[in-house]
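J.: would you be able to build a 3D model of this:
(one chain, ligands or ions: 2)
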Amino acid sequence: MGDLIIKNIAQLVTMRGPNRLRQGEEMRDVEILENGYVVVKDDKIIAVGTGDVYKNYLENHTAVVDATGLVMTPGLVDSHTHLVHAGSREHELTMKLEGYSYLDILKAGGGILNTVQKTRKASFTELYDKAKKSLDIMLSYGTTTVEAKSGYGLDVDTEVKQLEVAKKLNDTHPVDIVSTFMGAHAYPSDYKDNHEAFIETVIDMMPYIKEHGLAEFCDVFCERDVFSYEESLYLLEKAKKYGFMLKIHADEMDSIGAVDIACMLGCVSADHLVETKEEDFEKLAKYHIVANLLPATSFNLNKGYAKARKMIEAGCGIALSTDYNPGSSPTENIQLVMQLAGLKLKMTPKEILTAVTINGACALNREKEIGSIEVGKKADFVLFDVPNIDYLIYHFGINHVKDVYKNGKLVVHNQRVCYKEE
Ligand code: IZC
Ligand code: ZN
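T.: Residues are numbered from 1 along each chain as shown. Ligands and ions are numbered 1, 2, ... in the order given. Prediction:
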């Protein structure tokens, strides 16, 4: 019997189906129920259907919400962010407008290294408060699970501080956080000419982070002038030995072989993929590696976009994420990412919804718990004030959320966070 029933849902996007990456044409195979209902008990979904059948689950204490005219989707999954960091980089905006590239700014000691300086100096509480503010914004846009990378310490104390902030937020904030250790994000200034020593430093951090349960994934910025093919391969091989699941920043500016590393080591996701060679698309598909695309980064850097249509044709399974970070993608707004995926990646509304739900869950190894509205899964879902899913992608740049439920609890009402602080 139910604690909570949402009824009369105009379009209920269930994403029901296999709990695995939806690839190629499967991304368009999305169940949408008209006049749907969902029944929740405790923090789980116990029934999904259409019409009046929800009445079988009514009890005296059951709360009933009428969702006439609204669209419901599973809670959105933002599976690539650099959530925890100090400060911001608006001072680099003018340089960018004058034509300096992202990597030019990093080479001059700015970019990631600027954020590293600030993050090293920041207290735990400063980092916590700033990240919490971002999580509240994410939640108000419909994100209920988020990945968070370290990588603004590049020394053991600060990397651990970042990951501990994420761990505490996971305990206190309604949004679930999945952590990734990304010590190999850039070379700190004092190791600029001693890459080998820095790589060993990063590897030395791995056992501590693993043993203290501070991160499930390990990621490397595999890029020209950052971590080379050989360095990335070496680092991720070690991470795998220590028991981390793997991700890789792949082909963002240049293609230097990151997809081959992902296939060789069985990365869960390869992220960015803007410059990926077309012959690599089939490899991603064959090894079931999540192609995690980040179009807000292309938009913000004024660069090219990933070839999503060709990827889907080749059978890839795509996820979409904000890449929220203070440099290349200063936005928490996953709906904007979805709209850019429509406008710039030519993905259809159904493909986009697959990408930010079940495929995002796959990118975080959470596909059994979240990513669809079906019996047994967590009661994480979003009510959008739109008449249909096409409208959600078409009317861009605003927040369409009405309410958000996390673990069966109302946490956003009329776009305002309303959860109880723990
Ligand atoms: O702070 O610039 N791309 N890492 C790789 C980032 C963007 C984050 C940043
Ligand atoms: Zn990133």
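
J.: what residues does the stretch 251-400 of the chain have near ligand 1?
T.: Within the stretch 251-400 of the chain, the positions near ligand 1 by Cβ under 6 Å from any ligand atom are 325-328. Heads up, the C-betas are built off the backbone N, CA and C, glycines and all.

J.: wait, which of these is closest to S88?
T.: Nearest to S88 out of those is P326 (Cβ to Cβ; 5.0 Å).

J.: can you pull the contacts of the closest one?
T.: With contact set as Cβ atoms under 8 Å, 6 or more residues apart in numbering, P326 has these partners: 82, 85, 87-89, 115.

J.: of all pairs in the residues of the stretch 251-400 of the chain next to ligand 1, which one is the farthest apart?
T.: Largest separation among these by Cβ to Cβ: P326 and S328, giving 8.8 Å.

J.: I256 contacts E223, correct?
T.: Yes: shown here, I256 and E223 form a contact pair, counting by Cβ atoms under 8 Å, at 7.0 Å.

J.: between these two, point out the one with more neighbours.
T.: E223 (24 against 20; other Cβ atoms under 10 Å).

J.: any idea how far D251 is from the more buried one?
T.: Distance of E223 to D251, given as Cβ to Cβ, to the nearest Å: 8 Å.

J.: cool, L58 as well?
T.: Per Cβ to Cβ, L58 is found 53 Å from D251.

J.: pull the distance from the helix or strand hosting I352 to the chain's centre.
T.: Here I352 sits within helix 349-355, counting by DSSP states H and E. From the chain centre to the centre of helix 349-355 is a distance of 14 Å (Cα atoms, centre = their mean, to the nearest Å).

J.: what's the answer for stretch 74-84, then?
T.: Counting by Cα atoms, centre = their mean, stretch 74-84 comes out at 3 Å from the chain centroid.

J.: now swap in stretch 179-194 and tell me
T.: Relative to the centre of its chain, stretch 179-194 is centred 22 Å away, using Cα atoms, centre = their mean.

J.: now do E422, the pLDDT please.
T.: As predicted, E422 sits at a pLDDT of 74.

J.: how close does the closest residue to it other than its chain neighbours get to ligand 1?
T.: Of all residues not flanking E422 in the chain, T172 sits nearest, at 4.7 Å (Cβ to Cβ, 6 or more residues apart in numbering). With distances taken as Cβ to the nearest ligand atom, to the nearest Å, T172 is found 25 Å from ligand 1.

J.: go ahead and confirm T172 touches A166.
T.: No: counting by Cβ under 8 Å, T172 stays clear of A166, with 11.1 Å between them.

J.: the two - which one has more neighbours?
T.: Neighbour count, other Cβ under 10 Å: between T172 and A166, A166 has more, with 25 against 12.

J.: for the more buried one, give me its contacts.
T.: Counting by Cβ under 8 Å, 6+ apart, A166 touches 83-84, 131, 148, 150, 177, 179.

J.: what's the answer for E367, then?
T.: 19-21, 358, 361.

J.: could you export those residues as CSV, including secondary structure?
T.: Below are the contacts of E367 laid out as CSV (DSSP: H, G, I helix; E, B strand; the rest coil):
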residue, secondary structure
N19, coil
R20, coil
L21, coil
I358, helix
A361, helix
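
J.: name only those of the residues you listed that count as buried.
T.: For those, a burial check counting by 16 or more other Cβ atoms under 10 Å picks out 19, 21, 358, 361.

J.: which SSE is I248 in?
T.: Using DSSP H and E, I248 maps to strand 245-250.

J.: could you point out the helix or strand that follows that strand?
T.: On the C-terminal side of strand 245-250, the closest following helix or strand by DSSP H and E is helix 258-265.

J.: hang on, the earlier thing: mean confidence for the helix holding I352?
T.: Averaging pLDDT along helix 349-355 gives 99.

J.: for it, packing partners?
T.: Packed against helix 349-355 by the contact rule (3 or more Cβ pairs under 8 Å, 6 or more residues apart in numbering; DSSP states H and E) you find strand 318-320, helix 334-343, helix 389-394.

J.: just the ones you listed: most buried one?
T.: Ranked by mean neighbour count under mean count of other Cβ atoms under 10 Å, the helices and strands packed on helix 349-355 are led by strand 318-320, which reaches a mean of 30.

J.: starting from that one, tell me which strands it pairs with and how they run.
T.: Using DSSP bridges, the strands paired with strand 318-320 are strand 290-293 (parallel).

J.: so after the partner strand, what's the next helix or strand?
T.: For strand 290-293, the following helix or strand on the C-terminal side (DSSP H and E) is helix 295-301.

J.: no further queries at this time; thank you.
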